[in-house]
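Novice: model this:
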Amino acid sequence: MTSASPAPDRSLLDAIERYYDAVPRSAAVAEDFGPLTLFVRNSSTGWHYYARPTPGHDGPAATAEDVRRVRERQRELGVPEAFEWVAEQNPELRAAVEATGLAVHEHPLLVLGPQDEAAPAPVLPERVTVRVLAADAPELADAIAVPHVAFGNPGTATGAAGAAELALSAATLTAEGAVARVAGRITDGVSALAAALDGDEVLCSGQHNPVGPVSEVVGVGTLPSARRRGLGLAVTAALVAHARANDVRTVFLSAADEDVARIYRRAGFRPFATALIAEPTTPDTTPTAEPDAGA
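Specialist: A predicted model of the protein is given here:
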């Protein structure tokens, strides 16, 4: 893996850290474990959250025993034993986490800062349009379901999963209340969702979740049968444009790996740090937070 820049901007790291602490609070309860904070979703639907370092904690750094206490609480709640943090912001946490037996995975963090110029939106295939959906858009359920299908069939190669799998996922998410939850977040202005459509068929979608002047692009996923058409890049460009049109100055994302990171560099993003995600070596199959951005 290509390493991130050797000396990330400290003010940028601090802004991202404040964002990471703030964004789950609209949909989760924060439990205090001293140097660590555990976020627990406050509904029965949606993505599970994670534990992460407590910003501004002025006591000793987290130890393996602190990590074990959080993991015990996660097991008690029946939620994934997951931790997320930025390597350059809390480098000492990795040893404490690994000492408890969790596996740590590295993901490039990329940013478009106030002085960075976004790349022009890519040329779309014939008949495909990209737009930001309203909370009452008839395509919303399918747009929410696309990343679930995409990340259930990982990779960037074209696959077989398509309309049938999408319909099943959309029906399940609607029944579970997930579609209503996202619609509410769109109405409240804490999420925006963009989708690439061929007529009324959703092929790709993603979201950004603004908190003040910072937003993260999350869950960009393309229906496997529609991959290799530049749709992930087009949706990302639409999300960036929407964020900047609504007073967001810094847009960032985490990529699954360097292959995916190269796609986002084409949209103008630049690498600046490394996101670390820790989970058991045989992980729970329930996803945490939003899915990583994909092509």
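Novice: Check the gap between Glu98 and Ala278 for me.
Specialist: Counting by C-beta to C-beta, to the nearest Å, the gap from Glu98 to Ala278 is 8 Å. Just so you know, the C-beta spots here come from the backbone N, C-alpha and C atoms, and that holds for glycine as well.
Novice: out of the two, which sits in the more crowded spot?
Specialist: Ala278 (25 against 14; other C-beta atoms under 10 Å).
Novice: Now do the shared contacts for Glu98 and Ala278.
Specialist: Residues touching both Glu98 and Ala278 (C-beta atoms under 8 Å, 6 or more residues apart in numbering): Val104.
Novice: any idea of the pLDDT on Asp284?
Specialist: Per-residue pLDDT puts Asp284 at 43.
Novice: actually Val248, sorry about that
Specialist: You'll see Val248 listed with a pLDDT of 97.
Novice: from what I can see it touches Val211, true?
Specialist: No. The criterion here is C-beta atoms under 8 Å, and Val248 misses it with Val211 at 9.1 Å.
Novice: Low-confidence bits of the chain, can you list those?
Specialist: 1-7, 45-46, 282-295 (pLDDT under 70).
Novice: where's the residue most central in space within it, which helix or strand?
Specialist: With distances taken as C-alpha atoms, centre = their mean, the residue of the chain nearest its centroid is Val218 (3.4 Å). Here Val218, judged by DSSP states H and E, is contained in strand 214-222.
Novice: which other residues reach the helix or strand that that strand is followed by?
Specialist: Next in sequence after strand 214-222, counting helices and strands by DSSP H and E, comes helix 231-245. Outside helix 231-245, the residues that touch it by C-beta under 8 Å, 6+ apart are 112, 118-122, 124-125, 128, 130-132, 192, 194-196, 203-208, 210, 215, 217, 220-222, 251, 253, 263-264, 266-268, 293-295.
Novice: Extract the CA atoms of helix 231-245 and return them as PDB.
Specialist: The C-alpha trace of helix 231-245 is given here as PDB (Å, rounded to 0.1, in the frame of the first residue of the first chain):
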ATOM      1  CA  LEU A 231     -20.800   5.900 -12.400                       C
ATOM      2  CA  GLY A 232     -19.100   5.900  -9.000                       C
ATOM      3  CA  LEU A 233     -16.900   8.800 -10.100                       C
ATOM      4  CA  ALA A 234     -20.000  10.700 -11.400                       C
ATOM      5  CA  VAL A 235     -21.900  10.200  -8.200                       C
ATOM      6  CA  THR A 236     -18.900  11.400  -6.200                       C
ATOM      7  CA  ALA A 237     -18.600  14.500  -8.300                       C
ATOM      8  CA  ALA A 238     -22.300  15.300  -7.800                       C
ATOM      9  CA  LEU A 239     -21.900  14.800  -4.000                       C
ATOM     10  CA  VAL A 240     -18.900  17.200  -4.000                       C
ATOM     11  CA  ALA A 241     -20.800  19.800  -6.000                       C
ATOM     12  CA  HIS A 242     -23.800  19.600  -3.700                       C
ATOM     13  CA  ALA A 243     -21.600  19.800  -0.600                       C
ATOM     14  CA  ARG A 244     -19.800  22.900  -1.900                       C
ATOM     15  CA  ALA A 245     -23.000  24.500  -3.000                       C
END
